[in-house]
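Visitor: using only what follows, build the 3D model:
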Amino acid sequence: MKQRPTIITVLCIFGFIGITVGIATNIFFITDIGKHIFTTMGIGVPSQLSIVISLVMSIMILGSLISIWNMKKIGVVIYAVLVIINIIINRIYNNLKISGIIGSLVFIVLFFTKFKEME
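Guide: Here you go, the predicted model:
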């Protein structure tokens, strides 16, 4: 395995933290307590379908991040494809945030700057 560049380590750690928070939030949405808390706060609870889709996407993105952590090119390709799919899904559900798009695209560009160093 090739030596992992610092930028890949940092991006993956941020990605692992973000995915963990996303998975935990979606699991919390499923519980009655979570639904009650979010409804009380005036935050809409997503549909069960969108929660399931989000969980599946999060797990697949986590897998791609693990591959990137291990310096595998396929992880970068899968991550990029999943981000594009996620943008499309969020557009369909009217949940598209420009900050999320920009952040994801920055990650993709930075991952691809180290693509040649990967296996």
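Visitor: in what helix or strand does the closest residue in space to residue 7 that isn't next to it in sequence lie?
Guide: Nearest residue to residue 7 in three dimensions, chain neighbours excluded: residue 110, at 5.9 Å (C-beta to C-beta, 6 or more residues apart in numbering). The way it works is simple: take the backbone N, C-alpha and C, and place the C-beta from them, glycine included. Under the criterion of DSSP states H and E, residue 110 resides in helix 98-113.
Visitor: pull the CA atoms of that helix into CSV?
Guide: C-alpha atoms of helix 98-113 as CSV (Å, rounded to 0.1, in the frame of the first residue of the first chain):
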residue,chain,number,x,y,z
ILE,A,98,-25.4,24.8,-2.4
SER,A,99,-22.9,24.5,0.5
GLY,A,100,-23.2,20.7,0.3
ILE,A,101,-22.6,20.7,-3.4
ILE,A,102,-19.6,22.9,-3.1
GLY,A,103,-18.1,20.9,-0.2
SER,A,104,-18.6,17.7,-2.1
LEU,A,105,-17.1,19.0,-5.3
VAL,A,106,-14.1,20.4,-3.4
PHE,A,107,-13.6,16.9,-1.9
ILE,A,108,-13.8,15.3,-5.3
VAL,A,109,-11.2,17.7,-6.8
LEU,A,110,-8.8,17.2,-3.9
PHE,A,111,-9.2,13.4,-4.1
PHE,A,112,-8.5,13.5,-7.8
THR,A,113,-5.3,15.6,-7.2
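Visitor: buried residues, it. List them.
Guide: Residues of helix 98-113 classed as buried by neighbour count (16 or more other C-beta atoms under 10 Å): 104, 107, 108, 111.
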